[in-house]
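S.K.: Generate a structure from the sequence data that follows.
(one chain, ligands or ions: 1)
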Amino acid sequence: MCGIVGYTGNEPAIDFLLDGLARLEYRGYDSAGVAVLNGGNIAVEKTVERIGSLKRQTRNGRSLPGRAGIGHTRWATHGAPSLANAHPHLSADGRFAVVHNGILENDAALRRELAAEGVAFRSETDTEIIPHLIRRYYEGDPVAAVAKAVERLAGSYALGVLCADCPDRLIAARRFSPLLIGLADGATYLASDVTALLPRTRRVLELADGEIALLTPQGARLFDREGRPVEREASRVTFDVGAAEKGGWAHFMQKEIMEQPQAVAQTVERRISGGEIVFSGLRLDAALLSRIRRIAIVACGSAYHAGAVGKYVFEELLRIPTELDLASEFRYRNPLVGADVLTVVISQSGETADTLAALREAKARGSHVLSIVNVVGSSIARASDDVLYTFAGPEIAVATTKGYSTQLALLYLFAVWAARLLGRLSADEAGRLLDAIRALPQAMERALRLAPQMEDLASRSPTDGSIFFIGRNLDYAVAQEAALKLKEISYLPAQACAGGELKHGSISLIEEGRTVIALDCCDRLSDKLAGNIREVQARGARVIACVPEGRAEPSAADETVRVPAVHPLLTASVEVIPFQLYAYFVARDRGCDVDKPRNLAKSVTVE
Ligand code: F6R
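M.R.: Reported below is the predicted structural model:
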C-alpha cells in the first residue's frame, strides 16, 4: 500500500530517497516524507502533496544533506492524510525515525501503555508507537532495541529505522509486509518494491518474516527472531528496468494496455514445450487432482473478475464444480474447504492482505493452494503449495490491465492442462484449444487497433449518470471488469448487470439517454442478449454493442464495436481490451490522474 525506501552509502542519501519514492508513488500517494541523518541529528521533511513537491521543498534535496536516510509514501489507514500523520515518525527525543508499511493490531493497547508512561503522541497513526517503543528499549544497541520493540507488535510491518547515534546505519525489520535490501558498491538500499531499486542495483536480498537487518554502506547483516545471524545469498533481478518506465507513453496504464499481447505471449510460450503445456515443479499431479471434488477461486477486485472467467472455463473443461469468492468474504465465512478442494488464489501483486488471509484459511483447512501471481517471491507466492507466475513484468498503473490479461491466459492453460490430466479432454481438443490460446496475442494486437474508435466513443461518453455494462456468462464476467475499470479511473458511476437480471431491479435506472454497453461475444446467448438490448432501448437507452468480427446478423445496437473472433471460451481476452481503452480515454479526457486514481493504491496490504 505504502512505499518504503532507505539508503546508506557514500553519496547524499536524498538523491535515492526522492528518486525511489517517485518510483513507488503508485503504491500510495496521499502524503510522503523523508528523514536524513546529518551531523548526529535527524532532519525530517514531509508533504501532503506528491513527491514532486517534496523535491521542491528540499530544493531538489539540497536542504537535506547526509548519507543515510529513509523515506515513505503513504496510503492512509490510521488517521487522515496530513503532515502529522505522514511518515517518518520520530521518538519524543528525535533520536529515532521510523517508516512503516503494514498495520498494527494491538496499537490501541500499546498507545495506552506508552501514554501512561508520559509519551505525548503527535499523530493518529499506529506507526508512531514504534519509535517510542524502540526508544524505550534502547540501551546503546539499536538492533537489540528494534528486536525488543517488534516483539511487542501484533499485525504486519515492514520497517526502516534511523538512529541518530549511528551515522551510517539503517535497521530494517519485516513481518507479513514485503521488504528488500539492494546491494551495490559503497551503497546499501532498502525498498518495499524492487522497482525502486532497479536503476541502482540488481543484487537483492529478501528479508524473511520475523528477520531484522543492519544495513551499512558495505552491505547488510541479517538476524533471525532470536538474534542469531542469518546467511543468505543475494539474488539477481533479471527483468528490464525499462519495463518499469513509461517509455514515451503518456501514462503507464496506456503503456500496459499496449503491452498486453506481449505479456500474454510470454506467459503462454514459457509454458509450452514440444507442443504440450508444461508446468514444471508443480506438486499438483494426476493423483492429487483426481481427489479434487470442488475448486474454490479466491481473489479481490480485477483478479476476482479474472476468476469469474476462470469459473466458466474450469466448469466447462474440467467438469468440476467451481466456486468463486471474494477473499474478504471467504476468510470470514467459515468456508467449507478441505483436502478434496483445490483453492486457486489469484493476485497480481501477491501481497493483497485479504487474499493472503484467505489463502492461509484454506491451507489451515487442508486444501491444496495453487496461486496465480505476478510478483515473484511475493507473500502469496511463498505461502502457496504451488505457484504459477504470470510474467506480465512490473505493473505500475494502479488499474490493472496486463495483470488481468495474463491471469486469464494462465487460467486457460491450467484448465487445459488439468483437463488432459484428468482425461476429460482428448489430445485433439486440447491441441485445438492450445493453438487458440497461442493465437490470442495476435487477436489482442488487432483489438488494440480499436483505440481510435474507443477514443471517439469516449469523447461522446456521458459525463454524469451511470453507465451500464450488460452481458451473459463470459460476457458478464467481462462486464464486471469493464465497469470497474471505468469507475476506478474516471470516477463515473458504472455498473455491471447480468443481462437476464436487468428486469429484476436494475432496469428501473434505465431512462432516456442512458448509455448501455452490451457485451455480446457469446454467440450461444446472443439472441438472449438481443432481447435485453431491446428492453433497454425501449426505455430510451443508447446501446453500444461489442460483437465478434464476422457475425452475420446485424446488431440491434446504436453503435457497434467489433473485436476479433476467437475460440468461444477465450473471448474475454479480446473483449476486455476496447473497454480498457474506453476507460483510459474517458479518464484522460476528464483530466483524471489515470495512473494514480484517488483513494486507491496498487497493492492493498491492509484488510
Ligand atoms: C483494479 C485493481 C484491483 C486489484 C485488486 C487485487 O484495477 O487493480 O481491483 O485487482 O486490488 O489486487 P491483486 O491482484 O494485487 O491481489
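
S.K.: State whether residue 140 is indeed within a helix.
M.R.: No. Looking at residue 140 with DSSP: H, G, I helix; E, B strand; the rest coil, it is coil, so not inside a helix.

S.K.: What's the local residue count around residue 248?
M.R.: 6 (other C-beta atoms under 10 Å). In short, each C-beta sits where N, CA and C put it, glycine included.

S.K.: measure it to the ligand for me?
M.R.: Going from residue 248 to the ligand by C-beta to the nearest ligand atom, to the nearest Å gives 23 Å.

S.K.: likewise residue 603?
M.R.: Residue 603 sits 5 Å away from the ligand, going by C-beta to the nearest ligand atom.

S.K.: tell me, how many neighbours does that residue end up with?
M.R.: Residues lying near residue 603 (other C-beta under 10 Å) number 28.

S.K.: Can you mark which positions in stretch 76-94 are buried?
M.R.: Across stretch 76-94, burial judged by 16 or more other C-beta atoms under 10 Å covers 76-77, 79, 81-82, 84-92.

S.K.: cool, stretch 408-423 as well?
M.R.: 408-422.

S.K.: Keep only those of the buried residues of stretch 76-94 that are in strands.
M.R.: 89-90 (DSSP state E).

S.K.: least confident pick among the buried residues of stretch 76-94?
M.R.: Among the buried residues of stretch 76-94, residue 77 carries the weakest pLDDT, at 77.

S.K.: Just to check, that residue is in contact with residue 102?
M.R.: No. Judged on C-beta atoms under 8 Å, residue 77 makes no contact with residue 102 at a distance of 9.2 Å.

S.K.: Need the overlap of contacts for the two.
M.R.: Residues touching both residue 77 and residue 102 by C-beta atoms under 8 Å, 6 or more residues apart in numbering: residue 606.

S.K.: Contact partners for the residue in the stretch 251-400 of the chain that the ligand sits nearest to?
M.R.: Here the stretch 251-400 of the chain gets closest to the ligand at one residue, residue 301, 1.9 Å apart by C-beta to the nearest ligand atom. Going by C-beta under 8 Å, 6+ apart, residue 301 touches 400, 484.

S.K.: With residue 232 as the reference, measure out to residue 79.
M.R.: Per C-beta to C-beta, to the nearest Å, residue 79 is found 36 Å from residue 232.

S.K.: Residue 512 now?
M.R.: 65 Å.

S.K.: Specify which residue of these two has the higher count of neighbours.
M.R.: Remark: of residue 512 and residue 232, residue 232 carries more neighbours, 14 against 8, as counted by other C-beta under 10 Å.

S.K.: Surely the more buried one is within a strand?
M.R.: No. The assignment for residue 232 is coil, going by three-state DSSP, so no strand is present there.

S.K.: how close does it get to residue 219?
M.R.: Distance, residue 232 to residue 219, by C-beta to C-beta: 11 Å.

S.K.: Enumerate the residues of the stretch 451-600 of the chain near the ligand.
M.R.: Counting by C-beta under 6 Å from any ligand atom, the residues of the stretch 451-600 of the chain close to the ligand are 484, 488.

S.K.: any low-confidence regions in the stretch 451-600 of the chain?
M.R.: For the stretch 451-600 of the chain, no stretch is flagged by pLDDT under 70.

S.K.: could you pull out the helices for it?
M.R.: 451-459, 474-490, 526-538, 571-589 (DSSP state H, counting those that start in this stretch).

S.K.: the inter-axis angle of the first one versus helix 571-589?
M.R.: Helix 451-459 and helix 571-589 are oriented at 50 degrees to each other (axes from the mean of the first three to the mean of the last three C-alpha atoms, to 10 degrees).

S.K.: rewinding a little: quick one, which of the helices of the stretch 451-600 of the chain gets closest to residue 46.
M.R.: Checking the helices of the stretch 451-600 of the chain against residue 46 by C-beta to C-beta gives helix 474-490 as the closest, at 27.3 Å.

S.K.: What is that closest one packed up against?
M.R.: For helix 474-490, the elements it packs on are helix 301-318, strand 467-471, strand 494-498, strand 515-519, helix 571-589, judged by 3 or more C-beta pairs under 8 Å, 6 or more residues apart in numbering; DSSP states H and E.

S.K.: got the CA coordinates for the last one in CSV?
M.R.: Put plainly, it is helix 571-589. Extracted in CSV, the C-alpha atoms of helix 571-589 (Å, rounded to 0.1, in the frame of the first residue of the first chain):
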residue,chain,number,x,y,z
THR,A,571,-13.5,-14.2,-25.8
ALA,A,572,-12.8,-12.3,-22.5
SER,A,573,-9.2,-11.8,-23.6
VAL,A,574,-10.1,-9.7,-26.6
GLU,A,575,-13.4,-8.3,-25.5
VAL,A,576,-11.9,-6.6,-22.5
ILE,A,577,-9.4,-4.6,-24.5
PRO,A,578,-11.7,-2.0,-26.1
PHE,A,579,-13.2,-1.2,-22.7
GLN,A,580,-9.8,-0.8,-21.0
LEU,A,581,-9.1,1.7,-23.8
TYR,A,582,-12.5,3.3,-23.3
ALA,A,583,-12.0,3.7,-19.6
TYR,A,584,-8.5,5.1,-20.2
PHE,A,585,-9.7,7.7,-22.8
VAL,A,586,-12.7,8.8,-20.7
ALA,A,587,-10.5,9.3,-17.6
ARG,A,588,-7.8,11.1,-19.6
ASP,A,589,-10.4,13.4,-21.2
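
S.K.: Please look at residue 95 and residue 134 and confirm they touch.
M.R.: No. Judged on C-beta under 8 Å, residue 95 makes no contact with residue 134 at a distance of 9.2 Å.

S.K.: For residue 31, which non-adjacent residue is spatially closest?
M.R.: Leaving aside its chain neighbours, residue 31 sits nearest to residue 86 (3.9 Å; criterion: C-beta to C-beta, 6 or more residues apart in numbering).
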